[in-house]
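Engineer: The sequence isn't on hand, but the structure is:
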Ligand code: C2E
Ligand code: MG
Ligand code: MG
Ligand code: MG
């Protein structure tokens, strides 16, 4: 069968519309997509983009988050929100996750060879947490590339952390032994209670974009963020705000004591090859004029 047909037929070539309609695909398409994704893993069609995290007070890059993209041979660049769920459904997420961890470590080592000590966060799927060998394979990737555990952060979403508390705790203990920190992503969307927050085995909280979006105009959004930051600090967690798009949002977040900021205001996710140039340009721009 012509592999190009299944996408073109249905959507006139729009990858997003096609993937959004994936619930309705028939068995043949399902097989085609599955083999496309397998092929993607074998043919190096996946690529990590990197988005900086900015240290709030020191006005410089504190690290980067790796965000996976699929350079599909016919559909173009496809984002993770569309293919990660497919990879999970097709049982490919563990392999994909291994690739992400290894590739992020390889890239950090390459930057290290250029004299830049970097720290990178990777996102983990719940299926990866359930793998007994996760901690071993993280350790193996660090060793293979000669990195310190402190150069890697693992992000899991709040809802996964809460729903899979036992697994999360076990994984955290394993990661902590090798110096890797755990970060709770999309915080505020998982409906955890204060006591659950206290028990979360993490070092960092990332406040969900939805709170940041409303922080300038809405007093209640600001109050929530302020409370989360205070609480997190009381629990020795650092706080990252995600989705910072405006200078106004940045100013409010800094005034509330947010530790790190991330968002389009500073930089969009970029190819690895653009990172060193960006950080050099940014090192002057991030410092406010006095
Ligand atoms: P996330 O980890 O919460 O990542 C933040 C998402 O928000 C990214 O979307 C990023 O590009 C986007 N973003 C960052 N700053 C801004 C901003 O200022 N405004 C707006 N509107 N958006 C912003 P992306 O790259 O499409 O990733 C979406 C989600 O896919 C991620 O959410 C993460 O949950 C998942 N993901 C990405 N890479 C991986 C991966 O390697 N493995 C797994 N399992 N999941 C991944
Ligand atoms: Mg994340
Ligand atoms: Mg997030
Ligand atoms: Mg998210």
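Structural biologist: Looks like it came in fine. Quick caveat: nothing in here was measured; it's all calculated off a predicted structure. Ligands and ions are numbered 1, 2, ... in the order given.
Engineer: In this protein, which residue is most central in space?
Structural biologist: Geometric centre of the chain, nearest residue: residue 123, 4.2 Å, by C-alpha atoms, centre = their mean.
Engineer: okay but that one is in contact with residue 186, surely?
Structural biologist: No. With contact defined as C-beta atoms under 8 Å, residue 123 and residue 186 do not form a contacting pair (10.1 Å). Any C-beta I mention is one placed from the backbone N, CA and C, and that applies to glycine too.
Engineer: got the residues of the protein near ligand 2?
Structural biologist: 123, 155, 185 (C-beta under 5 Å from the ion).
Engineer: Kindly recompute the last result at 8 Å.
Structural biologist: Within the chain, the positions near ligand 2 by C-beta under 8 Å from the ion are 65, 67, 121, 123, 155, 157, 183, 185-186, 206, 242.
Engineer: Show me these that map onto helices.
Structural biologist: Cross-referencing the residues of the chain next to ligand 2 against helices under DSSP state H gives no overlap.
Engineer: among the residues you listed, which are in reach of ligand 3?
Structural biologist: Applying C-beta under 8 Å from the ion to these, one finds that 123, 155, 157, 185-186, 206, 242 fall near ligand 3.
Engineer: Point out the residues in the stretch 151-290 of the chain that sit beside ligand 1.
Structural biologist: With C-beta under 6 Å from any ligand atom as the criterion, the stretch 151-290 of the chain meets ligand 1 at residues 155, 185-186, 242-245, 263-264, 269.
Engineer: leaving aside the residues next to it on the chain, what's closest to residue 253?
Structural biologist: residue 241 (4.9 Å; C-beta to C-beta, 6 or more residues apart in numbering).
Engineer: Check the contact between the one you found and residue 260; I expect there is one.
Structural biologist: Yes. Assessed by C-beta under 8 Å, residue 241 is found in contact with residue 260 at 7.4 Å.
Engineer: the more surrounded of those two?
Structural biologist: Taking neighbours as other C-beta atoms under 10 Å, residue 241 and residue 260 compare with residue 241 leading, 32 against 23.
Engineer: Name whatever forms a beta bridge with the more buried one.
Structural biologist: Taking DSSP bridges as the rule, residue 241 bridges to residue 207, residue 261.
Engineer: Distance check, it against residue 144.
Structural biologist: According to C-beta to C-beta, to the nearest Å, residue 241 stands 33 Å off from residue 144.
Engineer: same deal with residue 224?
Structural biologist: The value you get for residue 224 to residue 144, if C-beta to C-beta is used, is 42 Å.
Engineer: higher neighbour count, the two?
Structural biologist: residue 224 (16 against 12).
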